[in-house]
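Peer 1: Predicted model follows, preceded by the sequence.
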Protein chains: 2
Amino acid sequence: MMYIKNPKEIEKRSFEIIGENIDEKRFDERELKIVKRVIHTTADFEFADILKISKEAIDTGIKAIKEGSNIVTDTKMAMAGINKKTLKRFGCDISCFIDAPEVLSLAKEKSITRSMASMIIASQDKKNKIFVIGNAPTALFQLAELIKSGILKPDLIIGVPVGFVGAAESKEEVKELGIPYIITEGRKGGSNIAAAIINALMYMIE
Amino acid sequence: MMYIKNPKEIEKRSFEIIGENIDEKRFDERELKIVKRVIHTTADFEFADILKISKEAIDTGIKAIKEGSNIVTDTKMAMAGINKKTLKRFGCDISCFIDAPEVLSLAKEKSITRSMASMIIASQDKKNKIFVIGNAPTALFQLAELIKSGILKPDLIIGVPVGFVGAAESKEEVKELGIPYIITEGRKGGSNIAAAIINALMYMIE
């Protein structure tokens, strides 16, 4: 069977098809790049409606990446999806603490989820400036608590947990924190989407 | 804010909500577990319509896992999403060859994608019995070619690449190979879904 084998060509043609299927005028040029990359990752056009990007999010996100900030993810899967080569060019580090021994013991001690404990541990290093939550609403709720209590003040929250219990509510809470955010309203989201958003921000700079 | 913090409780309640929103009678008990876990991963009910499980797929998949077969994924992301603890209990190994030096040189030499080259390299080890393709249509096309030319005869193909160029076609091709398969028809799919399907199979055995 004949098929396109050039990854760059596949991506270019994909983005054209996506553009033909959404109302591009609803977004500015940079927002559009995020929206299109998320749809590219999911083939789900609903993301054009539910992705919400706060006014300063792209500027602060790009600035943080250019400064080589640390990125924290809630899952190994989100971490795996972020382009490491590009990340390295900006000098950014990336961490996921979910399997760290101190997270396991903190979760046990406080009877909280490992996702929550991983946010508490991440908040202890002030170099962690971008928080990428793709899976666990409890991580996002915990992040919100750390911010509200003044322990943490990140540059950007990418908050796109998926699910039926708490996911939608956790993302609504992010809107009220006064921190730049990129979220998906409602139930949809995922680690793949979280990674796609960080990648879109990085590719904007290049 | 009050929220459910027990991961098991969250998952249980999520599966209940999913069950209330799909026609459960369309599936047998084991199929339903796969369908529900994929919807749990995406919050996208369309997967109840586009997931296609061939007649022998669940039996051969479970048998292969019980025998401790090797699993091959096309992306690090799919690999990251598969439950390693459970995998280890069955003695299964998991590999993703996308960054392997021999894949890079083969891709360059033959002017093919790294995804394609990774399938060729994976086909050289006969212990690789379950192929999990979550992202690259070219990987799935290449896998089909290896099977049609008699080089490879896996026990199960999980073929759920996502995208606008070749993804749907690559999955249709899988149906014609005479190999048990689990696919998503059309454009939708993804590494998260690929991982969810393997996890669903493993949790069925436990």
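Peer 2: Structure's in. What do you need? Note that the structure is a prediction, hence the values are computed from the model and not measured. Numbers count the residues shown, from 1 in each chain, chains lettered A, B, ... in the order given.
Peer 1: Can you show me the helices along chain A?
Peer 2: A:7-21, A:29-42, A:47-50, A:57-66, A:76-81, A:84-89, A:101-110, A:114-122, A:137-148, A:167-174, A:191-205 (DSSP state H).
Peer 1: With respect to B:Leu32, which of those helices lies nearest?
Peer 2: helix A:167-174 (22.0 Å; C-beta to C-beta). Quick note: C-beta positions are derived from backbone N, CA and C, even for glycine.
Peer 1: Show me what that closest one packs onto, helices and strands only.
Peer 2: helix A:137-148, strand A:156-159, strand A:181-184 (3 or more C-beta pairs under 8 Å, 6 or more residues apart in numbering or on different chains; DSSP states H and E).
Peer 1: average pLDDT across that helix?
Peer 2: Average pLDDT, helix A:167-174: 97.
Peer 1: Please point out which parts of that helix sit buried.
Peer 2: A:167-168, A:170-171, A:173-174 (16 or more other C-beta atoms under 10 Å in any protein chain shown).
Peer 1: Check stretch A:51-63 too.
Peer 2: A:51, A:53-54, A:57-58, A:60-63.
Peer 1: And stretch A:107-115, by the same measure?
Peer 2: Here stretch A:107-115 shows A:107, A:112-115 as buried, counting by 16+ other C-beta under 10 Å.
Peer 1: which stretch in the helices of chain A is the model least sure about?
Peer 2: Across the helices of chain A, helix A:7-21 gives the lowest mean pLDDT, at a mean of 92.
Peer 1: How about it and chain B, touching?
Peer 2: Yes. Judged by C-beta under 8 Å from any C-beta of the partner chain, helix A:7-21 and chain B are in contact via A:7, A:10, A:13-14, A:17-18.
Peer 1: neighbour-wise, which of those residues leads?
Peer 2: The residue in the residues of helix A:7-21 next to chain B with the most neighbours, by other C-beta atoms under 10 Å in any protein chain shown, is A:Ser14 (23 neighbours).
Peer 1: Just give the closest residue to that residue, not the sequence neighbours.
Peer 2: Closest residue to A:Ser14 apart from its sequence neighbours, by C-beta to C-beta, 6 or more residues apart in numbering or on different chains: B:Phe164 at 4.2 Å.
Peer 1: Hmm, A:Glu11 and that neighbour touching each other?
Peer 2: No. Taking contacts as C-beta atoms under 8 Å, B:Phe164 lies outside contact range of A:Glu11: 9.6 Å.
Peer 1: Looking at those two, which has the bigger crowd around it?
Peer 2: The neighbour comparison of B:Phe164 against A:Glu11 (other C-beta under 10 Å) goes to B:Phe164, with 21 against 15.
Peer 1: Quick check: phi and psi on that one?
Peer 2: phi -110, psi -10 (degrees, to the nearest 10).
Peer 1: before we move on, what about A:Ile22?
Peer 2: According to degrees, to the nearest 10, A:Ile22 has phi -130, psi 160.
Peer 1: neighbours of the nearest residue to it once chain neighbours are set aside, just the number please.
Peer 2: Once flanking residues are discounted, A:Ile22 sits nearest to A:Ala48: 4.6 Å by C-beta to C-beta, 6+ apart. Neighbour count for A:Ala48, taken as other C-beta under 10 Å: 19.
Peer 1: In terms of pLDDT, where does A:Glu206 sit?
Peer 2: With respect to pLDDT, A:Glu206 has a value of 82.
Peer 1: contacting residues for it?
Peer 2: When contacts are counted by C-beta atoms under 8 Å, 6 or more residues apart in numbering or on different chains, A:Glu206 is found next to A:86, A:89.
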